[in-house]
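1. structure, please.
(2 chains)
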Amino acid sequence: RKEVEQDPGPFNVPEGATVAFNCTYSNSASQSFFWYRQDCRKEPKLLMSVYSSGNEDGRFTAQLNRASQYISLLIRDSKLSDSATYLCVVNDPKWGKLTFGQGTILTVHP
Amino acid sequence: EAGVTQFPSHSVIEKGQTVTLRCDPISGHDNLYWYRRVMGKEIKFLLHFVKESKQDESGMPNNRFLAERTGGTYSTLKVQPAELEDSGVYFCASSPPGQGRGYTFGSGTRLTVV
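-> Model prediction:
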């Protein structure tokens, strides 16, 4: 079993749609969780951290369920500029290394 | 503030040759990480420096890979001899002292071994 597993996608949605990505992780000792965004041939960039209480940043909402070891990302009112690969990332509790999911490709079309 | 800089951005070498990748972290970032993305796979951890010391090198694929960070500033990752399966994008990241928060990634080196 992979340490971090994501929806395989790809997701193709029209502008204005709501799209949700799911992710599970295997290490119950993990403490920090993130969603990163990666544009084609670019480096990963932090989109948002994920907290147990859930957190929102504009059109983006992230949720964490520690009991189920499950992380989600919801994007509302999708824009063309949201097209990218979304990476679910877990931070190793001891040394800070990041473990990445394979990523889910999102394409938002007009 | 300058970001994490990687050099070269692209490298095409023949199987059996040697390649050295360089990473300049953000000034003051004690933590420096190397990651790699092979085609079709997820980004995977290679190793972690704290200043000049190797904290965790559990992700290094084999002894053809050698990473150094002399003086605790920039780091190099040498592949010798390169094999076809070493092709991929090598990312470097740095973070401030502490538990690895506040990561910043470099734009990566795309290595192609032919």
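2. spell out which parts of chain A neighbour chain B.
-> Counting by CB under 8 Å from any CB of the partner chain, chain A comes close to chain B at A:2, A:4, A:32, A:41-46, A:87, A:91-92, A:95-103. Backbone N, C-alpha and C define where each C-beta goes, glycine included.
3. touching, residue A:62 and residue A:73? I think so.
-> Yes: counting by CB atoms under 8 Å, residue A:73 is a contact partner of residue A:62 at 5.4 Å.
4. need the residues touching each of the two.
-> Here residue A:62 and residue A:73 have A:35, A:48 as joint contacts, going by CB atoms under 8 Å, 6 or more residues apart in numbering or on different chains.
5. spell out which parts of chain B neighbour chain A.
-> So chain B meets chain A at B:31, B:33, B:35, B:41-45, B:48, B:55-56, B:59, B:91, B:93, B:95, B:98-101, B:103, B:105-108, B:110 (CB under 8 Å from any CB).
6. looking at these, which are in strands?
-> Within the residues of chain B next to chain A, residues falling in strands by DSSP state E are B:31, B:33, B:35, B:43-45, B:48, B:55-56, B:91, B:93, B:95, B:105, B:110.
7. quick check: the two most widely separated of those residues?
-> Within these, B:55 and B:110 form the most distant pair, 26.4 Å apart (CB to CB).
8. of the two, which one has the most company?
-> residue B:55 (19 against 16; other CB atoms under 10 Å in any protein chain shown).
9. right, and that one touches residue B:45 too?
-> No: when contacts are counted by CB under 8 Å, residue B:55 is not listed as touching residue B:45 (11.5 Å).
10. name the nearest residue to the most centrally placed residue in chain B, ignoring sequence neighbours.
-> For chain B, the residue sitting closest to the mean C-alpha position, by CA atoms, centre = their mean, is residue B:34 at 3.4 Å. Nearest residue to residue B:34 in three dimensions, chain neighbours excluded: residue B:46, at 4.1 Å (CB to CB, 6 or more residues apart in numbering or on different chains).
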